[in-house]
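1. Take this sequence and fold it.
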Amino acid sequence: MLSFLKLIRYKNLLMVFLTMVLTKYALIHSITTNSYLSNFEFLILVLSVISITAGGYIVNDIFDIETDKINKPANVFIDATLSKKNAWICYFLLTFLGIILGIYSSFLNENLFFSFIFIGSILGLFFYSKYFKKQLLFGNLLVSVFVGLSIFILILFEFDTQTNSSTANVKNAFKLLFPFLFVSGYSFFAFLTTLVREIIKDIEDIKGDLKIKARTLPIVIGRKRASKVAFFFSSILLVFLLIVLQFLKNELLFLSYGIVFILLPLLYFMYELWFSETKKEYSKLSHILKIIMLLGILSMLLFKIN
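-> Model prediction:
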């Protein structure tokens with residue numbers, strides 16, 4: 001059981017769960033007083049996203065067996081603890097559960113078109129693991145979009161539920177403008193931090209990727225140049241945060257939290273990134289960025305406090 005939990009990277013799944021809970025109950029509920037997805041509808045949506053995400057981790061590990069034996073030998077579970085056949089069974093079960101719950105969630109939302117979000121995510125995660133992960137930057141962008149989507153999907157369901165529940169669609173849409181902007185901001189933050197982290201992970205894993213003849217960014221342009229690309233996207237994230245903090249300059253709580261727990265760690269990360277050269281240093285940077293992402297998501301709690 002423990003091996004299975006490690007296989008689906010349960011810590012990352014907890015991060016997805018925490019992010020969706022905070023987005024709904026801390027962020028959206030604090031900004032708008034309109035009706036929301038019911039707790040049951042939200043639970044179905046979350047279970048669908050987590051099941052699809054878990055399946056994505058499993059299929060990624062299946063296709064990464066050879067590279068993980070080189071890059072992360074201590075973390076190889078498929079063929080070592082869990083057979084590849086059983087891993088595929090877990091993948092199909094989780095994916096089937098995720099798509100069924102996703103379609104049911106769309107049905108409850110009275111918009112079956114949303115089912116294509118879940119279908120597209122499943123297909124995207126599969127082809128990312130099998131093909132796109134080995135391609136120049138495209139795989140990094142794709143997985144970053146999926147991370148951002150785990151936040152953005154909530155405002156899609158909230159928006160559709162609320163506009164469908166009333167004839168005053170324009171009025172409801174206006175009321176949702178601010179939550180839409182805030183959720184979009186967090187989604188963009190998650191997208192950028194994930195993109196930078198994915199590039200850094202590619203730099204870490206360059207030896208294993210070379211063995212399978214992948215064409216990741218550090219393989220094509222070199223580790224140092226790839227780190228400069230990561231620095232470039234980090235700079236975009238920095239500018240984005242400065243713009244957000246400028247809008248929050250009169251909100252002392254938000255401003256203080258943003259500077260101390262997000263901006264300063266990001267500046268430290270960028271400083272270390274500029275001078276990093278070894279696998280150990282890039283691994284450290286990956287952990288720092290994950291902490292920055294967590295601190296950014298936890299800032300949603302400030303909407304409840306403020």
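2. pLDDT wise, what is the residue lying closest to residue 286 once chain neighbours are set aside at?
-> Leaving aside its chain neighbours, residue 286 sits nearest to residue 200 (5.1 Å; criterion: Cβ to Cβ, 6 or more residues apart in numbering). No exception for glycine: its C-beta is placed from N, CA and C like everyone else's. On pLDDT, residue 200 comes in at 96.
3. do the same with residue 75
-> 68.
4. roughly how far apart are residue 49 and residue 157?
-> The gap separating residue 49 from residue 157 is 11 Å, by Cβ to Cβ, to the nearest Å.
5. again, but for residue 195
-> Distance from residue 195 to residue 157, by Cβ to Cβ: 25 Å.
6. again with residue 29
-> The value you get for residue 29 to residue 157, if Cβ to Cβ is used, is 14 Å.
7. who has more neighbours, those two?
-> residue 157 (22 against 16; other Cβ atoms under 10 Å).
8. before we move on, back to that, how is the residue nearest to residue 286 assigned, secondary-structure-wise?
-> helix (DSSP: H, G, I helix; E, B strand; the rest coil).
9. List the contacts of it.
-> Residues near residue 200 by Cβ atoms under 8 Å, 6 or more residues apart in numbering: 227, 230, 273, 282, 285-286, 289.
10. out of the residues you listed, which is most surrounded?
-> residue 230 (29 neighbours).
11. what about that one, distance to residue 59?
-> Taking Cβ to Cβ, one finds residue 230 at 26 Å from residue 59.
12. How about residue 282?
-> In terms of Cβ to Cβ, residue 282 sits 25 Å off from residue 59.
13. which intervals of this structure have sub-threshold pLDDT?
-> Flagging of the chain using pLDDT under 70 yields the residue ranges 1-10, 33-36, 74-75, 79-80, 160-176.
14. picking that back up, of the contacts of residue 200, which belong to helices?
-> Among these, DSSP state H puts 227, 230, 273, 282, 285-286, 289 in helices.
15. Just name the closest of those residues to residue 258, please.
-> residue 289 (16.6 Å; Cβ to Cβ).
16. thought the closest one was touching residue 270?
-> No. At 10.3 Å, residue 289 does not count as touching residue 270 under the criterion of Cβ atoms under 8 Å.
17. Can you get me a residue count around residue 37?
-> Using other Cβ under 10 Å, residue 37 has 21 other residues around it.
18. for residue 236, that is, sorry about that
-> For residue 236, using other Cβ under 10 Å, the count is 13.
19. from what I can see it touches residue 192, true?
-> Yes. The criterion here is Cβ under 8 Å, and residue 236 meets it with residue 192 at 6.3 Å.
20. Tell me the one of the ones in helices among the contacts of residue 200 nearest residue 89?
-> Nearest member of the ones in helices among the contacts of residue 200 to residue 89, counting by Cβ to Cβ, is residue 286, at 30.5 Å.
21. Return the residues in contact with the closest one.
-> 197, 200-201, 204.
22. Turn these into JSON lines, including distance to residue 99.
-> Listed next are the contacts of residue 286 as JSON lines, based on distance: Cβ to Cβ, whole Å:
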{"residue": "197", "distance to residue 99": "27"}
{"residue": "200", "distance to residue 99": "32"}
{"residue": "201", "distance to residue 99": "28"}
{"residue": "204", "distance to residue 99": "32"}
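23. List the first helix or strand encountered after the helix or strand harbouring residue 182 toward the C-terminus.
-> Assigned by DSSP states H and E, residue 182 falls within helix 177-204. Following helix 177-204 in sequence order, the next helix or strand is helix 206-211 (DSSP H and E).
24. neighbouring contacts of that next one?
-> 66-71, 134, 202, 216, 218-219, 223.
25. try stretch 261-268
-> 234, 237-238, 241-242, 245, 288, 291-292, 295-296, 299.
26. Show me which of the residues you listed are buried.
-> 234, 237-238, 241, 245, 288, 292, 295-296, 299 (16 or more other Cβ atoms under 10 Å).
27. Max pairwise distance over those residues: which two?
-> Longest span within the buried ones among the contacts of stretch 261-268, Cβ to Cβ: 245 and 288, 19.9 Å.
28. neighbours of residue 177, just the number please.
-> The burial count for residue 177: 11, using other Cβ under 10 Å.
29. ok, it - contacts?
-> Counting by Cβ under 8 Å, 6+ apart, residue 177 has no contacts.
30. One more: the one 5 residues further on?
-> Taking Cβ under 8 Å, 6+ apart as the criterion, residue 182 is in contact with 27, 31.
31. ok, so what distance separates it from residue 196?
-> 22 Å.
32. just residue 103 next, same as before
-> For residue 103, the distance to residue 196 - Cβ to Cβ - is 34 Å.
33. who's more crowded, the two?
-> Neighbour totals were compared for residue 103 and residue 196, and residue 196 leads with 30 against 17 (other Cβ under 10 Å).
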